[in-house]
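**Q** Sequence first, then the predicted structure, then my questions.
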Amino acid sequence: MGNSIQEGQELSFLDKVKASFRNQSTLLVVTLVILAVIFQIASEGIFLSVGTLGTVLNDWGSYILLAVAQTFVVITGGIDLSVGSTVSLSSVVAGWVLVKGMGLDTSISGDAALPYVLIATLVCLLVGLAVGALNAFLINVLKIVPFIATLATMGAMAGMAIIISGGMPLQGPNDFNLGIAYNVFGVELPISSTILTVLIITVIAGLYLHKTRFGLYTYSLGSNPFATRAAGISPARHITKVYMLSGGLAGLAGAYAYIRLGAGSPSNGAGMELYAIAATVIGGVSLMGGVGRIVGVALGTLVLFTVQSGLLMVKVVEVSPSLKQVIVAILIAAAVAVQTLQKNGRK
Amino acid sequence: MANKVIYEVRNVSKNYGAVVALDGASLKLHAGEVVGLVGDNGAGKSTLVKVLSGAHSPDSGEILLEGVTKVWHNPKQALDEGIETLYQDSGLAQHLTVSQNVFLGREKFLKGIFGKLGFLARKQMELEAEADLQAVGIAFPSSNRPVSQLSGGQRQAVAIGRAVSWARKVLILDEPTNHLGARQSGEVLEVIKRAKKKGLGVIFISHTLPHVLEVTDRIVVLRLGKIVRDAPTSEYTADTLIGTITGSYHGDEN
């Protein structure tokens, strides 16, 4: 059996596949460079600035946690549509706890706000974990397919956010100093401590996906659920963990939104799930499960928000928000088409 | 058979809704014995395999391992007791590498703090997987390759190697020679003979009757969920075996 393999032929095939894996990231980096050049020209030279990069990175920070969460879920062959509503709900609950529960003085700012920020983060995390547990219950116990289960929680949590907030934003600490810019050799970098925290979480998530048993089971479940169960692994237990991870990260994204915007609004997370899924797909994660890498997703998210921010600065033609949506949609379709072509090319 | 009975089912039945998949089937397997399980499509072979491997619980009947009654709630319990199953066509996760598949569910961790955090000893598992597959009689140039890049025969080889290297008592092989060429099938049959010499009880399910006649000690024929004949392989010829499966041959005991 094994002896009959022609080794040379196998290795060249392996090289090809390895190259195509590298291509996914290379492709995205090349795309980023091309986009930067295009926007630099189209914005008449204002795109490449510390200010713009700061905006791109801040947007990236809001979405990368959701994209990472989505990556785990999609690799298992599932999908989590409830992440956007979880962002809204968790930020609203955090606002409620701080304003109604603890009588937060909203004029508080700077370091004095830090304890409140930490409490808000904890509250958001707990809300997210609870939503994740609810999704897992719907999928494992009631046997609802992930798309429908999370569609239901998406609607329910958005409604809850409006009920709790009364439809009005709940204030957060005013002007909490997130933008501690790092000075390196006199150059101000567009990186805040919040972004750094988000970056560290992303790196840890990547290590967990690619190097640990948790990650391995995530792939095996998406690749072959039957074989996974036959190997003695409980699919239900792992699905619970993955959806709670997704909920928890969405909760942290809610905290990020609350702290950054200084308000817990029921519209904080509206539509975010679509961007998260788009970033995941652009980053090379297959919606069929079993395939995807965190580096690709981080780059995919960056591509998405480079386009978002870049389009705002284009001076040659005016880009309306509606047209922006169309362009993002084209980007998603193109990413999926590229995936399909790569897959067919491999066959 | 001089050896002791290692695995046994008594009078097991299983219905799927109105469909009777298994109807009071009983089967004994001795250590160091290869039992062929044959039958037409829908005869209940796969259902019996799932009952034996712990994937499905029977509606009624008893399962005994070395004389002790067992109730399997999931495949893990059977795996932990040394019963390995190779499922037809669906045993491997094709996005994972050879060694990840061989060690799936039995991973090894790094030493120290990283291991405690769940980090896997990838290199160690790759080396051990290679050694395990070689010990079974399956040589692989590299075990860090995704299964999706292997040919059908190679995948089957990995799946069999995985089952044989982990099995301690019972090895259940559902259509292990399916989709394989003559030479590869021959190698699979050799692997079965070696497993038998190791003292494992082997259940071999196949549609390829010459393979069944070549490698088994005893053949059990299922028809419409019932065991219709259970006799030493020497008492069958190719013709009487086909006749028993289809129901046209009634033999001496019927």
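**A** Sure, I can see it.
**Q** Show me the helices in chain A, by range?
**A** For chain A, helices defined by DSSP state H occupy the ranges A:7-42, A:50-75, A:83-96, A:114-140, A:146-165, A:193-211, A:213-223, A:225-230, A:235-261, A:272-282, A:294-313, A:321-346.
**Q** other SSEs contacting the fourth one?
**A** Helices and strands touching helix A:114-140, by 3 or more CB pairs under 8 Å, 6 or more residues apart in numbering or on different chains; DSSP states H and E, are helix A:83-96, helix A:146-165, helix A:235-261. (Glycine included, C-beta is placed from N, CA and C.)
**Q** Of all those helices, which one is nearest residue B:157?
**A** Closest approach to residue B:157 among these is made by helix A:235-261 (26.2 Å; CB to CB).
**Q** coming back round to it: comparing the helices of chain A, which comes out most buried?
**A** Compared across the helices of chain A, helix A:83-96 shows the largest average neighbour count, a mean of 31 (mean count of other CB atoms under 10 Å in any protein chain shown).
**Q** I'd like to know the phi and psi angles of the residue nearest the centre of chain B, please.
**A** The residue lying closest to the centre of chain B (CA atoms, centre = their mean) is residue B:172, at 1.8 Å. Listed backbone geometry of residue B:172 is phi -110, psi 120, with angles given as degrees, to the nearest 10.
**Q** do the same with residue B:13
**A** Dihedral angles (degrees, to the nearest 10) for residue B:13: phi -130, psi 150.
**Q** Quick check, pLDDT for it.
**A** We have a pLDDT of 92 for residue B:13.
**Q** who does the helix or strand of chain B with the lowest mean pLDDT touch, helix- and strand-wise?
**A** The helix or strand of chain B with the poorest confidence is helix B:152-166; it has a mean of 84 (mean pLDDT, DSSP states H and E). Helix B:152-166 sits against strand B:83-86, helix B:98-102, helix B:122-136, strand B:170-174, helix B:182-197, with contacts defined as 3+ CB pairs under 8 Å, 6+ apart.
**Q** still on that earlier bit, of all the helices and strands packed on helix A:114-140, which lies closest to residue B:230?
**A** When the helices and strands packed on helix A:114-140 are compared (using CB to CB), the closest one is helix A:235-261, at 35.6 Å.
**Q** quick one: average pLDDT of that closest one?
**A** Helix A:235-261 shows a mean pLDDT of 92.
**Q** Any part of it near chain B?
**A** No - Helix A:235-261 stays out of contact with chain B when judged by CB under 8 Å from any CB of the partner chain, the minimum separation being 10.2 Å.
**Q** Which secondary structure elements does that helix sit against?
**A** Counting contacts by 3+ CB pairs under 8 Å, 6+ apart, helix A:235-261 is packed against helix A:50-75, helix A:83-96, helix A:114-140, helix A:193-211, helix A:213-223, helix A:225-230.
**Q** Can you pull out the low-pLDDT segments for the stretch 1-150 of chain A?
**A** A:1-23, A:106-111 (pLDDT under 70).
**Q** Pull up the residues of the stretch 1-150 of chain B that are close to chain A.
**A** So the stretch 1-150 of chain B meets chain A at B:53, B:55, B:74-76, B:79-80, B:85, B:87, B:90-96, B:100-101, B:104-107, B:109, B:117-120, B:122, B:133, B:138-141, B:145-146, B:149 (CB under 8 Å from any CB).
**Q** Am I right that residue A:296 is in contact with residue A:281?
**A** No - if you go by CB atoms under 8 Å, residue A:296 and residue A:281 don't touch, sitting 10.1 Å apart.
**Q** Could you dump the helices and strands packed on helix B:152-166 into CSV with mean pLDDT added?
**A** Converted to CSV, these look like this (pLDDT from 0 to 100):
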stretch, mean pLDDT
strand B:83-86, 91
helix B:98-102, 91
helix B:122-136, 86
strand B:170-174, 93
helix B:182-197, 87
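**Q** Of those, which is nearest residue A:275?
**A** With CB to CB as the measure, helix B:98-102 is the member of the helices and strands packed on helix B:152-166 nearest residue A:275 (31.9 Å).
**Q** Next SSE downstream of the closest one?
**A** Following helix B:98-102 in sequence order, the next helix or strand is helix B:113-116 (DSSP states H and E).
**Q** Convert that next one to CSV, retaining C-alpha atoms only.
**A** Provided in CSV are the C-alpha atoms of helix B:113-116 (Å, rounded to 0.1, in the frame of the first residue of the first chain):
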residue,chain,number,x,y,z
ILE,B,113,3.1,24.0,31.2
PHE,B,114,2.3,24.1,27.5
GLY,B,115,1.1,20.5,27.6
LYS,B,116,-1.2,21.4,30.5
